[in-house]
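[1] Have a look at this fold, sequence not included:
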Ligand SMILES: Nc1nc2c(ncn2[C@@H]2O[C@H](COP(=O)(O)OP(=O)(O)OP(=O)(O)O)[C@@H](O)[C@H]2O)c(=O)[nH]1
């Protein structure tokens, strides 16, 4: 890429090593995985090779929208903050409406981003948050492993998120947080219940702890990899040549957010 101001070559912002994915990350447990395969689809590999070789400009990278839903206090914000900022907040601060983060990856040599929407679990903010469900490629339904009621509510959260999206258009994940709070036996029992519900929801189950960081990065890498592959395969289905961007090519973070945010809503935290 040429920088017109000083004639020097400029390149996309570097991605830290911790956001580079070469191999398809493993699922948490095969009992609750919707994608049991252990490697990329052969078409994905070919498309990545081609695209990486062409060194597309950074502003033509791909982005997938991820919506995180679940009861209040289950740990949605902490989960996102642990992954995006590597921090853990012990004190509860309710999310007001919605908030978002953008995380950049390099997957098989191709730039890719996740736009992660954190929604409020409190009933009074639901109408604001639900306006942002549309256009999701990934829905993450979160429950607190130490509060079994929140697991029962995940079906309802998923139904509401899916009501704004086409059936079968999203990857669904069921995430149990606060695994650090449970003794082993109780954790195993809760996981068995969660796997059953995940199967009903056609979701992939993960147990994580934002406090200790256990499985948080592994989980988001898996999300990014599956969303990325989905973009490539969708483009192929739609007859988009592999060299011409992957799916919804983005112009910039700002332009993309304006497109995906509801017309009458605000961007960012409301
Ligand atoms: N021990 C432990 N506590 C956690 C974990 N994740 C979150 N918490 C605590 O749970 C409380 C709620 O976390 P939040 O992330 O704010 O919950 P939320 O789901 O975003 O809540 P709303 O914004 O109201 O929807 C906070 O006090 C966190 O410190 C975890 O993995 N382990």
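    Done, it's in. Keep in mind that this is a model prediction, so the values were computed, not measured.
[2] So what are the structural domains in this protein, by residue number?
    Annotated domains of the chain cover 39-56+248-263, 58-237 [automatic domain parsing].
[3] Go through these and name the closest to residue 33.
    When the domains of the chain are compared by CB to CB, domain 58-237 sits nearest residue 33, at 5.2 Å. The C-beta positions use only the backbone N, C-alpha and C, and glycine is treated the same way.
[4] circling back: as a markdown table, the domains of the chain with distance to the ligand, mean neighbour count and mean pLDDT would be great.
    Converted to a markdown table, the domains of the chain look like this (distance: least, CB to the nearest ligand atom, whole Å; neighbours: other CB atoms under 10 Å; pLDDT from 0 to 100):
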| stretch | distance to the ligand | mean neighbour count | mean pLDDT |
| --- | --- | --- | --- |
| domain 39-56+248-263 | 19 | 15 | 59 |
| domain 58-237 | 3 | 19 | 93 |
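[5] Between those domains, which one is closest to residue 20.
    domain 58-237 (4.8 Å).
[6] how about residue 141, what does it touch?
    Shown in contact with residue 141 (CB atoms under 8 Å, 6 or more residues apart in numbering): 69, 70, 154, 157, 158, 161, 172, 173, 174, 175, 201, 203.
[7] what's near enough to touch the closest residue to it other than its chain neighbours?
    Spatial nearest neighbour of residue 141, chain neighbours left out: residue 154 (4.3 Å); criterion: CB to CB, 6 or more residues apart in numbering. Contact partners of residue 154, counting by CB under 8 Å, 6+ apart, are 70, 141, 142, 143, 174, 197, 201.
[8] could these go into TSV alongside secondary structure?
    Shown next, in TSV, are these (DSSP: H, G, I helix; E, B strand; the rest coil):
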residue	secondary structure
70	strand
141	strand
142	strand
143	strand
174	strand
197	helix
201	helix
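[9] Which strand or helix spans residue 198?
    Per DSSP states H and E, residue 198 falls inside helix 184-201.
[10] for that helix, packing partners?
    The helices and strands touching helix 184-201, judged by 3 or more CB pairs under 8 Å, 6 or more residues apart in numbering; DSSP states H and E, are helix 148-152, helix 154-162, strand 171-177, strand 204-207.
[11] give me every residue that touches residue 227.
    64, 66, 112, 114, 137, 138, 171.
[12] Am I right that the fourth one is in a strand?
    Yes: assessed with three-state DSSP, residue 114 lies in a strand.
[13] Mind checking what secondary structure the closest residue to it other than its chain neighbours has?
    Take residue 114 and drop its neighbours on the chain: the residue closest to it by CB to CB, 6+ apart is residue 103, 4.9 Å away. Classification of residue 103 using three-state DSSP returns strand.
[14] close enough to count as contact, residue 103 and residue 117?
    No: contact criterion CB atoms under 8 Å: residue 103 and residue 117 do not qualify, at 12.0 Å.
[15] Would you map the strands across the protein?
    Here the chain has its strands, by DSSP state E, at 20-21, 62-70, 98-107, 110-119, 138-144, 171-177, 204-207.
[16] Strand partners (parallel or antiparallel) of the third one?
    Looking at strand 98-107 with DSSP bridges, its partner strands are strand 20-21 (parallel), strand 110-119 (antiparallel).
[17] Could you do the fifth one as well?
    Under the criterion DSSP bridges, strand 138-144 sits next to strand 62-70 (parallel), strand 171-177 (parallel) in its sheet.
[18] ok and that strand relative to helix 154-162, angle-wise?
    150 degrees (axes from the mean of the first three to the mean of the last three CA atoms, to 10 degrees).
[19] Many thanks, we can stop here.
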